[in-house]
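*Asks:* Here is my input; please provide its structure:
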Amino acid sequence: MSPDYSGGMSSHAGAISVAFADSALGLPRGVVQITPASDAWARTFDDVRAAMAFDAPNAVVAIEHIGSTSVPGLAAKPILDIGIGVRHPIQVGDVQDEIHDWLTGLGFEFRGDANDVRPDRMYGYELQPMIRLANLHVLEYRSQEWQYYIGFRDFLRAHPSERDAYRELKLNLSIQHPDDRIAYIDGKAAFIVERRARPA
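*Replies:* As a prediction, the model looks like this:
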């Protein structure tokens with residue numbers, strides 16, 4: 001029998017909030033700040049994934065740690081990025097599905113649907129208003145964009161010199177654009193695009 005997500009908060013929402021409580025994560029929305037790598041990030045992801053996986057819908061194929069916090073030794077904005085790989089393409093404009101109900105039942109907040117610019121449906125997680133702890137990216141498993149997320153992560157994990165170059169780029173951009181998240185993202189784009197499809 002499939003889990004029932006229609007009754008509000010999941011019984012596993014508490015486990016997720018506990019996992020984030022001592023995670024060394026959290027950044028005010030819109031602020032660009034890079035912090036040293038922390039072993040707590042991987043432990044937090046493992047705990048969060050375990051709580052999420054317990055009653056994940058059948059449509060969920062993978063729950064992956066992505067982004068800079070998933071690369072050991074890489075300084076990052078202290079916000080966990082989680083990739084949710086689902087069996088079928090995201091239906092734009094129709095968020096009232098079992099994936100949405102599952103995530104909101106766990107305490108994640110819907111932040112935006114997939115569109116022509118962004119292929120993933122976005123959710124955030126906060127324990128205090130405006131202090132972002134995690135971003136969730138929901139997209140089709142093994143789609144090109146899914147492969148880009150995983151490929152860039154694995155490339156940086158396998159190439160310490162590239163990881164360190166990315167760290168320096170991010171540090172410089174954070175100094176240049178401490179309150180401009182879009183400029184910070186744009187400044188990283190060329191580096192990411194050049195490497196995300198390379199074999200690890």
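*Asks:* what ranges do the strands span in the chain?
*Replies:* With DSSP state E as the criterion, the chain has strands at 27-28, 60-66, 80-86, 109-112, 121-128, 131-140.
*Asks:* Let me know which of the ones you listed is tucked in deepest.
*Replies:* strand 80-86 (a mean of 23; mean count of other Cβ atoms under 10 Å). Placement of C-beta: from N, CA and C, glycine included.
*Asks:* got the angle between it and strand 60-66?
*Replies:* 160 degrees (axes from the mean of the first three to the mean of the last three Cα atoms, to 10 degrees).
*Asks:* Now do the nearest residue to residue 69 once chain neighbours are set aside against residue 183, distance only.
*Replies:* Among residues not flanking residue 69 along the chain, residue 41 sits closest, at 4.2 Å (Cβ to Cβ, 6 or more residues apart in numbering). As judged by Cβ to Cβ, to the nearest Å, residue 41 and residue 183 stand 25 Å apart.
*Asks:* ok, back up a step: now the strands of the chain as JSON lines including distance to residue 197 and mean pLDDT?
*Replies:* Output for the strands of the chain, formatted as JSON lines (distance: least, Cβ to Cβ, whole Å; pLDDT from 0 to 100):
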{"stretch": "strand 27-28", "distance to residue 197": "29", "mean pLDDT": "96"}
{"stretch": "strand 60-66", "distance to residue 197": "15", "mean pLDDT": "97"}
{"stretch": "strand 80-86", "distance to residue 197": "17", "mean pLDDT": "97"}
{"stretch": "strand 109-112", "distance to residue 197": "25", "mean pLDDT": "93"}
{"stretch": "strand 121-128", "distance to residue 197": "23", "mean pLDDT": "95"}
{"stretch": "strand 131-140", "distance to residue 197": "16", "mean pLDDT": "96"}
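*Asks:* mind checking pLDDT for residue 6?
*Replies:* pLDDT, residue 6: 52.
*Asks:* Hmm, I typed the wrong one, I wanted residue 59.
*Replies:* With respect to pLDDT, residue 59 scores 92.
*Asks:* right, and it touches residue 87 too?
*Replies:* Yes. Assessed by Cβ atoms under 8 Å, residue 59 is found in contact with residue 87 at 5.1 Å.
*Asks:* okay, the two: which has more neighbours?
*Replies:* residue 59 (17 against 12; other Cβ atoms under 10 Å).
*Asks:* how about that one, phi and psi?
*Replies:* phi -70, psi -20 (degrees, to the nearest 10).
*Asks:* list the contacts for it?
*Replies:* By Cβ atoms under 8 Å, 6 or more residues apart in numbering, residue 59 lies in contact with 86-88, 98-99.
*Asks:* Done for today, thanks.
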